[in-house]
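Novice: Let's see this in three dimensions:
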Amino acid sequence: MNAAAFAAWIRHTAELVSADAGRLTRLDAAIGDGDHGHNLDRGFRAAAEALPDGVPPGKVLMAAGRSIVSRTGGASGPLYGTALRRAGKAVGDAGDVGAAGLGAALRAALDGVQELGKAAEGDKTMVDALAPAVAAYEAALADGSGLADCVRAAADAAAKGADDTVLMQARKGRASYLGPRSVGHMDPGAASTALVLRGLADVAGEG
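Specialist: I've put the predicted structure just below:
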């Protein structure tokens with residue numbers, strides 16, 4: 001994937017988030033502040049508009065991350081911003097990113113999210129979508145799959161991970177205050193993470 005492909009990912013994800021902002025906000029209204037979809041929509045729109053030209057993929061991701069931090073309210077801004085900036089740093093100055101490089105970037109994004117949010121799988125957070133996505137990507141890569149197939153495996157795992165949060169009791173964030181009442185609701189951060197991975201899979205599949 002070159003810089004244009006990464007920019008296309010951010011723009012496509014902005015479209016997916018915008019189209020699904022209402023659902024994401026309803027999910028958040030059930031167990032959180034009720035603003036996740038609208039906040040993330042604003043952040044990804046800003047990121048899509050601020051993408052620089054003539055820079056390597058890593059700088060595209062880092063610029064997107066900075067925009068999301070500056071324009072997204074709540075916890076999601078720092079978390080998604082950290083994910084993208086860590087991914088960009090992992091990519092470095094490479095002009096084209098192959099399957100192994102993208103896998104390293106996704107792993108760096110997960111590490112950054114977990115360091116910042118102090119969340120683990122099972123806590124009912126975006127980690128419950130992102131961690132299985134990274135694991136699925138790495139497993140597909142180890143089996144010899146190409147980049148597009150690795151990303152599709154990651155997107156499928158993220159979607160399943162988001163679904164699995166419905167039966168979890170939240171142990172982090174505002175939702176944790178609800179205790180057992182948080183069971184029965186999908187985590188909005190996991191839902192949006194699944195969208196981000198789906199956006200990446202759609203763009204990678206076009207290459």
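Novice: Tell me who's in contact with Ala108.
Specialist: 86-87, 89-90 (Cβ atoms under 8 Å, 6 or more residues apart in numbering). For every residue, glycine as well, the C-beta is placed using N, CA and C.
Novice: Kindly reformat the residues you listed as JSON lines containing neighbour count and pLDDT.
Specialist: Formatted as JSON lines, those follow (neighbours: other Cβ atoms under 10 Å; pLDDT from 0 to 100):
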{"residue": "Arg86", "neighbour count": "24", "pLDDT": "98"}
{"residue": "Ala87", "neighbour count": "26", "pLDDT": "98"}
{"residue": "Lys89", "neighbour count": "16", "pLDDT": "97"}
{"residue": "Ala90", "neighbour count": "22", "pLDDT": "97"}
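Novice: Looking at the residues you listed, which are in strands?
Specialist: The strands, defined by DSSP state E, take in nothing from these.
Novice: just checking, Asp111 touches Lys89?
Specialist: No - using Cβ atoms under 8 Å, Asp111 is not in contact with Lys89; the gap is 10.9 Å.
Novice: Kindly export stretch 126-135 (C-alpha atoms) in CSV.
Specialist: The C-alpha coordinates for stretch 126-135 follow below in CSV (Å, rounded to 0.1, in the frame of the first residue of the first chain):
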residue,chain,number,x,y,z
MET,A,126,-12.3,-1.3,21.4
VAL,A,127,-9.5,-3.7,22.3
ASP,A,128,-12.0,-6.5,22.0
ALA,A,129,-12.2,-5.8,18.3
LEU,A,130,-8.7,-4.6,17.7
ALA,A,131,-6.8,-7.4,19.4
PRO,A,132,-8.5,-10.3,17.6
ALA,A,133,-8.1,-8.3,14.4
VAL,A,134,-4.4,-8.1,14.8
ALA,A,135,-4.2,-11.7,15.8
